[in-house]
Structures are given as structure tokens and as C-alpha cells.
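Peer 1: need a 3D model of the following:
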Amino acid sequence: MSESHGSRGVSRRVVLKGAGAAAVSRLTAASLTASLSSVARSAPSSRPVTATTESGKVRGLVTQGVHIFKGVRYGADTGPRRFMPPLAPTPWKNVLDATVYGAGSPQTGKEEAATSEDCLFLNIWTPGLRDGAKRPVMFYIHGGAYSHGSGSSPLYDGTRLCHRGDVVVITVNHRLNAFGYLYLARLGGPRFADSGNAGMLDLVQALRWVRNNIAEFGGDPDRVMLFGQSGGGAKIATLMGMPVARGLFQRAATMSGQQVTASGPLNATSRARALLDTLQLPPQRVDEIATVSTQRLLEAMAATDPVIGKGSLYFGPVLDERTLQQHPFYPDAPLISAQIPMIIGNTHDETRLLIGGSDPGTFALDWEQLPARLAAHMRVDITPETVVGAYRQMYPQYSPSDVFFAATTAARSCAVRSSKLNCAPPRVPPPTPTSSTGSPRSMAANGAPRIPWTSRSSSTTSRNRAPSPAHPPPPSKSPTR
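Peer 2: The predicted structure is shown next:
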């Protein structure tokens, strides 16, 4: 049967198809509306709440019994004072909204949706306001080395910690990468004297804010615990070696991130020169970097690191003889923090993911291949055969791949060591790969086995004592950054 057409040449099939689609559309819309209504009914209700800070009032929300304040300003916009120490915020008269996260520091990649040089914001979760409860304060510093990340990630929501421990939780944003750690003191003079540690000084500014304001949020300024993972742990270790941070926190916990040494001033200057060269700015025009666009500065950070000889430019704290007057934990633990209890944790053999995740061949190494493969990932200039020999002596049951992952993990997260006391590490068997079916190995999408992570931690309050890493590092030599 031939199709009949209407006066406008539209086939019956098209009309019927359109009618069917419209019916489906109406059904889908109705279902979606019902679903959204259900979600709305099940979502926790919130009510506004106001708190008073030194700079002015902020309005947050109470949700599930927790008072939540997001995007609270602890420092002024750093854009007009790029590479300089932070300033306290300008006081305000109106009540500012504190229900939305503040911007993170400018950075490469797309992990953070909102970034800006105006990034000195913190977030607070607390069970109560102005109640005199003097709760412990847990101050979380995000990871991402010194170049990426933000305390504004929903991953770091503090609601559950508040419920579980009756504590005040704080997360924080601060300057990263070149914006926080580009050392220009030897090129640009006094104006840039603190540029190599501006990001660390932001954290000090945030801790001062906590000291001065946390009682309003039900917290105790004398019970502040810093905790952080990866780069966050490294920042904590650095703060422990900074005289300007003394007295602003009383406990510390780091996970898979330590900072034994900082960048030396000469290495940091070499990196600054490399960045200036990429921007085509000769040293005599170094002042112009303060007005280079944010995007252009981010792009210039892709220059090859002149110290490491590969990869993009490294930025991190600098031994500038001002903010940092000695390396954080070399050759000894910092005396200025001898009274601070410190928990040090490390993810066991984390390079099974960090290296093995993109290089499945590392799970099938033989003894001949091992030294060369290990050398490519070593952080200390020592013969890889020496490292392999030491591990084989201490852990005779280890396979070549076990040695590779143990040594590369120790190199990445070298836990704090004291030159006066070396604690012997526990002798433990290598982790056993497991799978969802209970068989010894389940393969990830790229062919690498999935390995369960475990952590080890220990603590120290001794003046010259610190725990050993999960696996011992190579023989002691001064690391170079």
C-alpha cells in the first residue's frame, strides 16, 4: 500500500512517528518530574545561619545539624600583589553569602571548575556556633603536589567528620605552582623576597584566621590539628619547619606526602630563569611578570625543568633564609616543632598505581631489567644496584617487581628521618594481589593488577626522633630539589 500524504506533503509515517515521540516525551517528562519531586522530598532541609568574623558577618546554612560556611575569605585578592605575602581581607559591612565554594588557585588541567588569583578562601563545618564547646579543629590541606587541587572539592565535605567526632572541620584554598612558589628574590630584589613561599604564607594566614575566629564557630584555637594527603602532607611537613607558623597548630598528621628538603635557592632561581625565558622576559625586565596574563603564565610553566632535566617546571617551597631558614626535615627534625605530636602514614607500595597504572610491564620485571628501570625513577643520585642489593638483603622473599615498587614508593614518599636515630623498619611480606573473585590477580583496564592499599603510621614527640618510612630509603645522602 502506498503512503498517503497530506496537503503539505508530510507522510503518514512521519506523523505517526511524531505522535509517538510526543507521547514518549510526555511520559518521560512526567517521570522526570516525579523523580525530581521525590529527590526534593528526600533532600535534607537547610536553614540560614549567620556568624561573625573579625572582618564581618557571613551567612551559611545549617544542614543535617551541621553549620556549613563555604567560601569564607581569609585573605585579600592576591592578583594586585602577585608573588607577595598575603594580606588580611578588607573588612565588610554587609552580611556576605557563604553558601558557595570560593575559587581555587589558577592551575593547569580542568580539575577545578572555578579558578582565580583571588583564591584565599576557606570552608567550615561545625556542629555549633558560639556555644563555648571548644571542639578540636581539623584543618585539612589538599593534595595535588604544590601545583593542583583545591579545598573546594566536594570530596572534602566535612559533614561526616562533624557527626562522627564532634569536631570543627576546615578546608582551604591557597596559591599554587608559580603563583605560590616562583622564587624571584635573586632576580627581582626585595619586592619578590617572599615569592618562593607565598603559597605557604597563605596557609599561615589561614591558620591565623583560625586562631582569631574559630571560637565563634565552636572551635578551640589551642587544639588545631593539621591533616593532609600527598601534597597536603608535604605542606604540613614544611609548616613544621617554618618559624612563622609556630604556635598556630598543635598536632599534625600526614599521609603519603612528606617534605624532607625544600628547593635550594639556586635551583629555584634556575627554574625562575627558565620561566622568564619562556615568557621572553630578560632578567632586567623581571618586574613585568607581575602583569603577565594568568593564562600566559600557566602556559609558560610547561617549560622543561632545568634541574631535573625532564618534565615541566617543578614548584614548591624554597630555602629562602626567610620563611624557611633550614630544610623542613634535613638533616634533623625541626626543633621548633619538637613539641608537636605527628602521625606519619604512607600508602604501601603506592607506585603500583602511580607507575604501574600506566606501565604494566613493571609487574613482570626480572633481575636484569630492574636496575635500569629503577634508575629512571630514583630521586637520589646513587647506583641502582646498591638499592637493589639492600632490598634483596632485607626482603629476600621480594620479587624484582616487589623491589621496584617498594623502592620507588620510598623515593616518592620518603618519610621523615632523623640523622641521630634511624628506626629499623618492620620486616613484612610483600602485599598479596587480590581480586573481586578471590583469585590472586584481577586486572585493571590497562592490564595492571589491582592491589589493595594499606597504610602504616607512627607518631613522635621526641626532639630528635622521627619514624621510618614503610620501606627504607637508599643510604643517606642530601636530596637535591
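
Peer 1: use CA for all of it now, contacts and neighbours both
Peer 2: Will do.

Peer 1: surely residue 263 and residue 321 touch.
Peer 2: No. With contact defined as C-alpha atoms under 8 Å, residue 263 does not reach residue 321; the gap is 11.7 Å.

Peer 1: quick one, which of these two is more surrounded?
Peer 2: The neighbour comparison of residue 263 against residue 321 (other C-alpha atoms under 10 Å) goes to residue 263, with 22 against 12.

Peer 1: state the phi and psi torsions of that one.
Peer 2: Dihedral pair for residue 263: phi -70, psi 140, per degrees, to the nearest 10.

Peer 1: same check, this time on residue 396
Peer 2: Residue 396 has phi and psi values of phi -60, psi -20 when expressed as degrees, to the nearest 10.

Peer 1: counting neighbours, what do you get for it?
Peer 2: With neighbours defined by other C-alpha under 10 Å, the count for residue 396 comes to 12.

Peer 1: tell me where the stretch 301-450 of the chain has helices.
Peer 2: Counting by DSSP state H, counting those that start in this stretch, the stretch 301-450 of the chain forms helices over residues 351-354, 370-375, 384-394, 400-412, given from the N-terminal end onward.

Peer 1: ok, residue 297 - how many residues close by?
Peer 2: If we define neighbours as other C-alpha under 10 Å, then residue 297 has 21 of them.

Peer 1: what sits against it?
Peer 2: Contacts here follow C-alpha atoms under 8 Å, 6 or more residues apart in numbering; on that basis residue 297 touches 178, 279.

Peer 1: where's it relative to residue 280, distance?
Peer 2: The gap separating residue 297 from residue 280 is 12 Å, by C-alpha to C-alpha, to the nearest Å.

Peer 1: residue 136 should be in a helix, yeah?
Peer 2: No. With DSSP: H, G, I helix; E, B strand; the rest coil as the criterion, residue 136 is strand rather than part of a helix.

Peer 1: right, and it touches residue 220 too?
Peer 2: Yes. Applying C-alpha under 8 Å, one finds residue 136 in contact with residue 220, separated by 5.8 Å.

Peer 1: give me the secondary structure label for the most centrally placed residue in the chain.
Peer 2: Averaging the C-alpha coordinates of the chain gives a centre point, and the residue nearest to it by C-alpha atoms, centre = their mean is residue 143 (1.1 Å). Reducing the assignment to helix, strand or coil with three-state DSSP, the entry for residue 143 is coil.

Peer 1: wait, it sits on residue 227?
Peer 2: No. At 10.6 Å, residue 143 does not count as touching residue 227 under the criterion of C-alpha under 8 Å.

Peer 1: need the residues touching each of those two.
Peer 2: Shared contacts of residue 143 and residue 227, defined by C-alpha under 8 Å, 6+ apart, are found at residue 233.

Peer 1: can you give me the strands in the chain?
Peer 2: In the chain, the strands defined using DSSP state E lie at 46-52, 57-63, 66-73, 96-97, 121-126, 135-141, 168-172, 219-229, 251-255, 342-347, 455-460.

Peer 1: in CSV: these, plus mean neighbour count and distance to residue 149.
Peer 2: Below are the strands of the chain laid out as CSV (neighbours: other C-alpha atoms under 10 Å; distance: least, C-alpha to C-alpha, whole Å):
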stretch, mean neighbour count, distance to residue 149
strand 46-52, 15, 27
strand 57-63, 20, 24
strand 66-73, 25, 15
strand 96-97, 16, 23
strand 121-126, 26, 14
strand 135-141, 24, 10
strand 168-172, 27, 10
strand 219-229, 23, 11
strand 251-255, 23, 16
strand 342-347, 24, 19
strand 455-460, 15, 22
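
Peer 1: turn those into JSON lines, columns for mean pLDDT and distance to residue 89.
Peer 2: Formatted as JSON lines, the entries for the strands of the chain read as follows, by pLDDT from 0 to 100; distance: least, C-alpha to C-alpha, whole Å:
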{"stretch": "strand 46-52", "mean pLDDT": "95", "distance to residue 89": "14"}
{"stretch": "strand 57-63", "mean pLDDT": "97", "distance to residue 89": "13"}
{"stretch": "strand 66-73", "mean pLDDT": "98", "distance to residue 89": "7"}
{"stretch": "strand 96-97", "mean pLDDT": "97", "distance to residue 89": "13"}
{"stretch": "strand 121-126", "mean pLDDT": "98", "distance to residue 89": "10"}
{"stretch": "strand 135-141", "mean pLDDT": "98", "distance to residue 89": "20"}
{"stretch": "strand 168-172", "mean pLDDT": "98", "distance to residue 89": "15"}
{"stretch": "strand 219-229", "mean pLDDT": "97", "distance to residue 89": "20"}
{"stretch": "strand 251-255", "mean pLDDT": "94", "distance to residue 89": "27"}
{"stretch": "strand 342-347", "mean pLDDT": "88", "distance to residue 89": "31"}
{"stretch": "strand 455-460", "mean pLDDT": "36", "distance to residue 89": "36"}
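
Peer 1: good, we can wrap up now.
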